[in-house]
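Peer 1: have a look at this prediction, sequence included:
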Amino acid sequence: MSNSTKNRLTSVAAAVVAGVALFGLLSPAAASDQNSLTSHSPWLAPIGHRQPTRADVPQNEVLSAWEREQQVFDAELDRKLIICRGC
């Protein structure tokens, strides 16, 4: 065998080994063993993580002319689309 053939076979063998290892890591059987606790009960967010509310966002009192114009356009579009905001 020539060196190029040996190098090619080595590359193919390495690719096959990597593929088998990756398939083993991503298989559903392996995933179900690792996540058995979270698959049966709700997964809670870590302490200190929560959905931000409007009060968490800083309110800038000063709006540029462009922002005021956009707010007017948004209000007009909402009226045209009849979007319910308080359901």
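Peer 2: It's in.
Peer 1: and Val12, what's its pLDDT?
Peer 2: What the model reports for Val12 is a pLDDT of 78.
Peer 1: low-confidence regions, the chain specifically.
Peer 2: 1, 22, 25, 27-45, 83-87 (pLDDT under 70).
Peer 1: so in it, which helix runs the longest?
Peer 2: Counting by DSSP state H, the longest helix found in the chain is helix 3-26.
Peer 1: tell me what that one is packed against?
Peer 2: Helices and strands touching helix 3-26, by 3 or more Cβ pairs under 8 Å, 6 or more residues apart in numbering; DSSP states H and E: there are none. Backbone N, C-alpha and C define where each C-beta goes, glycine included.
Peer 1: next, count neighbours for Arg68.
Peer 2: Under the neighbour criterion other Cβ atoms under 10 Å, Arg68 is assigned a count of 10.
Peer 1: give me the distance between Pro46 and Trp66.
Peer 2: 39 Å (Cβ to Cβ, to the nearest Å).
Peer 1: with neighbour numbers in mind, choose between the two.
Peer 2: More crowded of Pro46 and Trp66, by other Cβ under 10 Å: Trp66, with 8 against 5.
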